[in-house]
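Engineer: Attaching a predicted model along with its sequence, questions to come.
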Amino acid sequence: MGLPALEFSECCLDSPQFRERLRSHEAELEKTNKFIKELIKDGKSLIAALKNLSSAKRKFADSLNEFKFRCIGDAETDDEICIAKSLQEFATVLRNLEDERMRMIENASEVLITPLEKFRKEQIGAAKDAKKKYDKETEKYCGVLEKHLNLSSKKKESQLQEADSQVDLVRQHFYEVSLEYVFKVQEVQERKMFESVEPLLAFLQGLFTFYHHGYELAKDFSDFKTELTISIQNTRNRFEGTRSEVESLMKKMKENPHEHKNISPYTMEGYLYVQEKRHFGTSWVKHYCTYQRESKRITMVPFDQKSGGKGGEDEAVILKSCTRRKTDSIEKRFCFDVEAVDRPGVITMQALSEEDRRLWMEAMDGREPVYNSNKDNQSEGTAQLDSIGFSIIKKCIHAVETRGINEQGLYRIVGVNSRVQKLLSILMDPKTATETETEICAEWEIKTITSALKTYLRMLPGPLMMYQFQRSFIKAAKLENQESRVSEIHSLVHRLPEKNRQMLHLLMNHLAKVADNHKQNLMTVANLGVVFGPTLLRPQEETVAAIMDIKFQNIVIEILIENHEKIFNTVPETPPSNSQLLLSRKKSTDSKPPSCSERPLTLFHTAQPNEKQESRNSIINSSLESVISSNANSFLNSNSAPQSNLNSSDLELEVIKPNRPNSLPQNPSPTSPLSPSWPMFSAPSSPMPTSSTSSDSSPISSPLRKARALYACKAEHDSELSFTAGTVFDNVHPSQEPGWLEGTLNGKTGLIPENYVEFL
């Protein structure tokens, strides 16, 4: 049932039937308006979806185009070539199709969305405006008419005529507006038949054009599709034919793997674990190594199969010598040492088995180890605190302070390992190391120079601040009072050997300058402590407890940097008096046996009223006098401060706290020069006491003797002995560990702190 026609003649009457027919037209217009509004919304969603689809297909085509098939072998068959280029052909077809789709999408906005929005705005919108005007005039006309009819008949004739004239004008205007509104409503009803459908037809025409383009592409692709189908089938047939042969070869390889080895250009190759020094201890890093006998070139590639990637830069060195490591000289099995021409130090490697080590040793013309009993003679190329060592550090510091003091991340950013090793080999060359005027060339990066400095310090036989003082420095850093920390560290620094203290002074002066420029280089005192703490103050044993103390190592370095002028340029304050130390020691022994960690750093022997103390002093002094009488000259020459009188009343005897060994030493030698059976002396006025171990002191022959414990001690390690005061030990002789003796108690042989006993 269609809409009834709206007659213009009915506009004047404005009957209820006319109003009913007008409302039906208005309802239809509102329905049409909603339809077109939803159509525009759905059309925009469709266009957006088509754009997303096109984008996804283009991405898919790009993925196809980027992938390149690589076939096994150095040549390809025609079928393999056809298959290899098929992905690019697929990508081309998809891109061509999507180009046409994008043209359709761009036209869709113009031929569909724009005309519909225009019709809804200009036509339906205009009809709505006309309705508002019509409703307004209806209300006005009805109001004027009611007012006019309420006029009294008793009014003057002139007033009544004027009122009649005004009503006629309003009626006429209402009639004109009614005609215009009816005209607009019927016009929109007629226009919607073509102005809303024509854009849809244009959109479908574009869609058909797109599909027709796809049909044409499919026809053009038909020939290649046929060729590709044949190539795929041929390739599948060849695979089925050769698969059995490949499987047969695999079984032969499983049965006799050594008969089918590849011919390699290298004399030997395979995986080795290489020992590398870190900031904190050492680690073993897996490398794939190759060796060529003609060039003596060893190439090491850090690689781990678990992660499937390289762990660092490749390194190549020229072989100088190869020596097998004795089993009892290292805790790892299957090890051998390699010395290189162009790299300082020794490279320790671990093979995968004894047979694997034998093959590497044969390839490198390796030799059996020859050990030198004189451990004080360092091998060539080892870092030392000698003139060469000081020259290297000074050159590095000079280069940093003149060229890179403001470089960000100074000492934190590391250089390439191969470059660092090359620079160190140049600096450690005795020919160039003695040339003090030679500076490091500008071609070396600052990060390479700083890494070389840190690496050289880590290459020293022991840390710069020495193993035996490591725990003392940590304890000082743990003190609650900052002033006490500085004072204790001040005292400990002046107990370091002269060369160690000089090198530490040189380094701290430099780091203070680096910290002064922290706004530019971002290296504050705290950051420098993190970098140099593990290098200068690393522990002898890598334990969980030592790892937890790293933060205190950093604090020690921070204190040294911040207070370097006071610590290195002034003498530490006088230590507590002898009577105070003895009193505290007496209280300790009366209360409970101290553990080895509580052993006194210093013992002062002075005359006491106590009879037991006098007896003890006389025994110790008599033992010492017998030693001094035979070694007085060499001993006096080794002391930094003169000693005019050596007697029991003014003699100050200092015993350095020993480091605890990892295990009981093998084949202890009673005449070892590294462990004298008597403590060293230092004059009371000397700010730096002499170490208990000295490479300049001559060996002292000591037979196996008995000794009595002066104090009780609780063992902290399996290699130590626990005992109470007065215990007598048998077969007591010097240990290879400095500051320790070796003796037997109740059938068990172990280590005894040297400063806890007296010889009988």
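Structural biologist: Structure received. Numbers count the residues shown, from 1 in each chain.
Engineer: Which elements pack onto the biggest helix by length in the chain?
Structural biologist: Ordering each helix of the chain by length in residues (DSSP state H) puts helix 198-255 first. Helices and strands touching helix 198-255, as assessed by 3 or more CB pairs under 8 Å, 6 or more residues apart in numbering; DSSP states H and E, comprise helix 78-108, helix 114-119. Just so you know, the C-beta spots here come from the backbone N, C-alpha and C atoms, and that holds for glycine as well.
Engineer: For the helix or strand that contains Lys551, buried residues please.
Structural biologist: Secondary structure assignment for Lys551, by DSSP states H and E: helix 550-562. Neighbour counts over helix 550-562 (16 or more other CB atoms under 10 Å) mark 550, 552-562 as buried.
Engineer: how about CSV for these, with distance to Gln17 added?
Structural biologist: Shown next, in CSV, are the buried residues of helix 550-562 (distance: CB to CB, whole Å):
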residue, distance to Gln17
Ile550, 100
Phe552, 103
Gln553, 104
Asn554, 100
Ile555, 102
Val556, 107
Ile557, 104
Glu558, 102
Ile559, 106
Leu560, 108
Ile561, 104
Glu562, 104
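Engineer: Please determine how far Glu216 is located from Phe208.
Structural biologist: Distance check for Glu216 against Phe208: by CB to CB, to the nearest Å, it reads 13 Å.
Engineer: So which elements touch the helix or strand that the longest helix of the chain is followed by?
Structural biologist: Next along the chain after helix 198-255, taking DSSP H and E as the criterion, comes strand 268-277. Judged by 3+ CB pairs under 8 Å, 6+ apart, strand 268-277 is in contact with strand 282-292, strand 297-304, strand 346-350, helix 354-363, helix 446-459.
Engineer: any idea how far the next helix or strand after the fourth one is from the chain center?
Structural biologist: What that stands for is helix 354-363. Moving toward the C-terminus from helix 354-363, the next helix or strand (DSSP H and E) is helix 387-403. Centre-to-centre, helix 387-403 and its host chain are 29 Å apart (CA atoms, centre = their mean, to the nearest Å).
Engineer: Now the phi/psi pair for the residue nearest the centre of the chain, please.
Structural biologist: For the chain, Ile413 is the residue whose C-alpha lies nearest the centre (CA atoms, centre = their mean; 11.6 Å). The phi/psi pair for Ile413 (degrees, to the nearest 10) reads phi -80, psi 130.
Engineer: Gly739 too?
Structural biologist: phi 80, psi 10.
Engineer: what do you get for Gly462?
Structural biologist: phi -140, psi 170.
Engineer: count of residues packed around it?
Structural biologist: Applying other CB atoms under 10 Å, we find 12 residues neighbouring Gly462.
Engineer: Please apply the same query to the one 10 residues further on.
Structural biologist: Summarising burial for Ser472: neighbours were counted as other CB under 10 Å, giving 19.
Engineer: In a helix, it, correct?
Structural biologist: Yes. Using DSSP: H, G, I helix; E, B strand; the rest coil, the assignment for Ser472 is a helix.
Engineer: hang on, isn't it packed against Val493?
Structural biologist: No. Proximity of Ser472 to Val493 does not meet the contact threshold set by CB atoms under 8 Å, at 10.7 Å.
Engineer: what's next to the helix holding Lys551, contact-wise?
Structural biologist: Residues external to helix 550-562 that are found in contact with it (CB atoms under 8 Å, 6 or more residues apart in numbering): 280, 465, 473-474, 476-478, 485-486, 489, 493, 504, 508, 511-512, 515, 525-526, 528-530, 532-534, 536-538, 567.
Engineer: which other helices and strands contact the very next helix or strand once past it?
Structural biologist: Next helix or strand after helix 550-562 toward the C-terminus (DSSP H and E): helix 564-569. If contacts are counted by 3+ CB pairs under 8 Å, 6+ apart, helix 564-569 sits against helix 482-493, helix 498-516.
Engineer: Could you check the pLDDT of Asp304?
Structural biologist: You'll see Asp304 listed with a pLDDT of 80.
Engineer: what sits against it?
Structural biologist: By CB under 8 Å, 6+ apart, the contact set of Asp304 is 286, 311.
Engineer: what's across from it in the sheet?
Structural biologist: Gly309 (DSSP bridges).
Engineer: Report the contact partners of the nearest residue to Arg538 once chain neighbours are set aside.
Structural biologist: Among residues not flanking Arg538 along the chain, Pro463 sits closest, at 5.0 Å (CB to CB, 6 or more residues apart in numbering). Shown in contact with Pro463 (CB under 8 Å, 6+ apart): 470, 535-538.
Engineer: Determine which two of the residues you listed are furthest apart.
Structural biologist: Gln470 and Thr535 (12.5 Å; CB to CB).
Engineer: In which helix or strand does the residue lying closest to Thr327 once chain neighbours are set aside reside?
Structural biologist: Excluding its sequence neighbours, the residue lying closest to Thr327 (CB to CB, 6+ apart) is Arg333, at 7.1 Å. Using DSSP H and E, Arg333 is not contained in any helix or strand.
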